[in-house]
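Peer 1: Sequence first, then the predicted structure:
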Amino acid sequence: MSEEKTQVNESLIGKKIVPFGKKFISMSSLLKNSLSLRTENQKYVKGKRSVPISDGLKNIILDIIFKNNFEPKEYYKLDEEEQRLFDDTCSFAGLLTHNIAKLTSNTSKTRAELTGKFNVLKGELLAGNNSPEILKKMRNILLELKAKNLISKAHYDKLLSEIVACI
């Protein structure tokens, strides 16, 4: 990390609001696990209320503020709702770091690959091949999609019931 970046980031310590892309974040709210976007004049951003957040999301935001980066593995630990909140907040603030862009493309690629594999296996199942291997692969793909928060629990349940109906 460059010396200049470190000095700039250290100068944010003790500030009431800190820059986050084109917007600002209330540090006192953030430290209390609440995300509050503000304008430069410390006014609330219209339509963006304060929302409670987990320690994981708080730590990611603090890393972005003070280190200009964060660990992607921490993002994947967030539940689907917090990932969406993070994505929306970064998008709204016009903040697109290398890691955020990489996360978005990796998530889309992973979802596309897994759903593609699932659909091929589903085709085999519909064609009459209901071998235990196919069913196990389909179940494992669904579990992976759910574990990575790439599908909701409701969507997972729906797909699982479709598999059972084909047997």
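Peer 2: Happy to help now that I have it.

Peer 1: Secondary structure element for the spatially most central residue of the chain, which one?
Peer 2: Geometric centre of the chain, nearest residue: residue 83, 2.6 Å, by Cα atoms, centre = their mean. Counting by DSSP states H and E, the secondary-structure element that holds residue 83 is helix 80-92.

Peer 1: so the residue nearest to the centre of the chain makes contact with residue 77?
Peer 2: No: at 9.6 Å, residue 83 and residue 77 do not qualify as touching, with contact defined as Cβ atoms under 8 Å. To be clear about C-beta, it is placed using only N, CA and C from the backbone, and glycine gets the same treatment.

Peer 1: before we move on, the earlier item: would you indicate which residues of the helix holding residue 83 are buried?
Peer 2: With burial defined by 16 or more other Cβ atoms under 10 Å, the residues of helix 80-92 counted as buried are 82, 83, 85, 86, 89, 90, 92.

Peer 1: Apart from its chain neighbours, what residue comes closest to the first one?
Peer 2: The shortest distance from residue 82 to any residue that is not its chain neighbour, by Cβ to Cβ, 6 or more residues apart in numbering, is 5.0 Å, and that residue is residue 57.

Peer 1: where's residue 19, which helix or strand?
Peer 2: Assigned by DSSP H and E, residue 19 belongs to strand 17-20.

Peer 1: List the neighbouring strands of that strand plus their orientation.
Peer 2: Sheet pairing of strand 17-20 (DSSP bridges) gives strand 23-26 (antiparallel).

Peer 1: With only the CA atoms kept, save the strand it pairs with in PDB.
Peer 2: C-alpha atoms of strand 23-26 as PDB (Å, rounded to 0.1, in the frame of the first residue of the first chain):
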ATOM      1  CA  LYS A  23     -21.700   9.300  -0.700                       C
ATOM      2  CA  PHE A  24     -20.700   9.200   3.000                       C
ATOM      3  CA  ILE A  25     -21.300   6.800   5.900                       C
ATOM      4  CA  SER A  26     -22.000   7.800   9.400                       C
END
